[in-house]
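In: for reference, the sequence and a predicted model appear below.
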Amino acid sequence: MNTIVLQGIFQSAPELRSSQDGLLRTSAMLIFPAAKPEEPEHQIRVICFGELAEQVHQSLHQGDAVIAEGRLQVESRPRPDGTKERTIELIARRIHTLGTAESMPAPSPTTTVVQAVVPPSTRRRQTPATSRPLAAAGVGDDIPF
């Protein structure tokens, strides 16, 4: 399964939109450090759907430190000059808040991923919670792709 967990800082405020069928969608740019100090920071668009989208929009702001858990999606979009641009996005299942960028712990290979609020019927294992979880996308959420 395609799963990724990134710890970073929201570079932009989450933008909330609604599809024609009423499904909520939030997106924001997440920046995170490169593996080598001399390299520039990386960035990726984080997208949330449904209840998680609404909670992220209401609770998080530019400069907030988070752990985003989800899957990668690659899309190809046309550019004005006629060429195609490939973009990689993280479709989030869970967002864990860590506070502001100043309070974010330094990334390390031993960082423990924390558990978000998940309905008991879908919970698989318990891990110690060290962050404030927002919510998790439910197993039956309709995601339009």
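Out: That came through, no problem.
In: tell me what the residue nearest to E15 when sequence neighbours are not counted is bridged to.
Out: The shortest distance from E15 to any non-neighbouring residue, by Cβ to Cβ, 6 or more residues apart in numbering, is to S27 (5.7 Å). For every residue, glycine as well, the C-beta is placed using N, CA and C. Residues in a beta bridge with S27, per DSSP bridges, are E15, I47.
In: L90 contacts H42, correct?
Out: No: L90 is not in contact with H42 according to Cβ atoms under 8 Å; the separation is 11.4 Å.
In: comparing those two, which residue is more hemmed in?
Out: A count of neighbours by other Cβ atoms under 10 Å puts L90 above the other of L90 and H42, at 22 against 13.
In: quick revisit: so the residue nearest to E15 makes contact with Q11?
Out: No: S27 is beyond contact range of Q11, at 11.7 Å (criterion: Cβ under 8 Å).
In: mind checking pLDDT for the residue nearest to E15?
Out: pLDDT, S27: 94.
In: residue contacts, it?
Out: 14-15, 17, 45-48, 89 (Cβ atoms under 8 Å, 6 or more residues apart in numbering).
In: likewise for S12?
Out: 28-29, 62.
In: counting neighbours, which of those residues comes out on top?
Out: A28 (24 neighbours).
In: so that residue is in contact with V46, correct?
Out: Yes: using Cβ under 8 Å, A28 makes contact with V46 at a distance of 5.6 Å.
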